[in-house]
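# only geometry, no sequence info:
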């Protein structure tokens, strides 16, 4: 039986992607037995293979959730779940046409100087990560253009970073990206067996290939599944309290999945501001 057939057999109310605002992508939504059982909020997202993550509580055991919802002992439910397919990975599907903003071109002197101040080699940022510049003749003037690739290396979305004043990051609107940004991991196309998970794209560029970014302190369930595929994943978010709380939630959600998860604390405010010595230590983890 597949997941929907198991839920139907047990009589557990559930929603598919698009049937409720809490349910997206490959997930099926049910009520979380820890925080919302019987409310119809469908906050517990379940993958076809039975990996269950609540938007509030984090990773939970699906057998426990279904036992609480039905009153059936979990050891009688578990045999039904053992037949589910394993290691499902959300497929990256294009939903639109990529639209590159006007004014994107080679980085100028000011763009390159900004990267150097952040300890980033402009030539490597350009050749490896595809970073470009936007000059003054654009509504996104004096910013870095940062393409976001899908796992196969195709540019599917983008963001920009100011090199002066203004909003730090301005990203593509939903209509300008081929794939939603929260379904991608920045830098995943360069990753191998181990990854370092950071918040911002330039943090990843500073560390080098193997670093991936969730592009914000909040991570999606699609990103969680993508991260879980790597045998070694190191979480290295900013040192501020809200970021560390999200890092611990991510680490806890990954801890019950196959592989090794490490929570890394740094001395700097964020990975992009690490000393050269700290960056070298982080890079050792990728070997």
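Yep, it's here. The structure displayed is predicted, hence computed values, not measured ones. Numbers count the residues shown, from 1 in each chain.
# how much space between the nearest residue in space to residue 232 that is not next to it in sequence and residue 209?
In space, and not counting its chain neighbours, residue 232 is closest to residue 194: 4.0 Å by C-beta to C-beta, 6 or more residues apart in numbering. Where C-beta positions appear, they are placed from N, C-alpha and C, glycine not excepted. Using C-beta to C-beta, to the nearest Å, one obtains 11 Å as the distance from residue 194 to residue 209.
# any shared contact partners between these two?
residue 286 (C-beta atoms under 8 Å, 6 or more residues apart in numbering).
# distance between stretch 177-187 and the chain's centre?
In terms of C-alpha atoms, centre = their mean, to the nearest Å, the centre of stretch 177-187 is found 8 Å from the chain centre.
# Other residues contacting it?
Taking C-beta under 8 Å, 6+ apart as the rule, stretch 177-187 contacts 25, 90, 92-99, 129, 146, 148-150, 156-159, 171-172, 174, 191, 201, 204-205, 209-215, 220, 222-223, 226-227.
# Which of those residues are buried, as a ChimeraX select command?
The following ChimeraX line selects those of the contacts of stretch 177-187 that are buried, judged by 16 or more other C-beta atoms under 10 Å:
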select :25,90,92,98,129,146,148,149,150,156,157,158,159,171,172,191,201,204,205,209,210,211,212,213,214,215,220,222,223,226,227
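# In the stretch 151-287 of the chain, where is pLDDT below threshold?
Scanning the stretch 151-287 of the chain with the threshold set as pLDDT under 70 gives 256, 258.
# Need the phi and psi values for the residue lying closest to residue 20 once chain neighbours are set aside.
In this structure, residue 20 finds its nearest non-sequential neighbour in residue 42, 4.8 Å apart by C-beta to C-beta, 6+ apart. Backbone geometry at residue 42, expressed as degrees, to the nearest 10, gives phi 50, psi 50.
# In contact with residue 42, which residues?
Contact partners of residue 42, counting by C-beta under 8 Å, 6+ apart, are 14, 15, 20, 22, 23, 29, 30, 31.
# Run a quick neighbour tally on the second one.
For residue 15, the neighbour count with other C-beta atoms under 10 Å is 16.
# And for the first one?
For residue 14, the neighbour count with other C-beta under 10 Å is 21.
# Can you name the residues that contact it?
So residue 14 contacts 4, 7, 28, 29, 30, 42, 46 (C-beta under 8 Å, 6+ apart).
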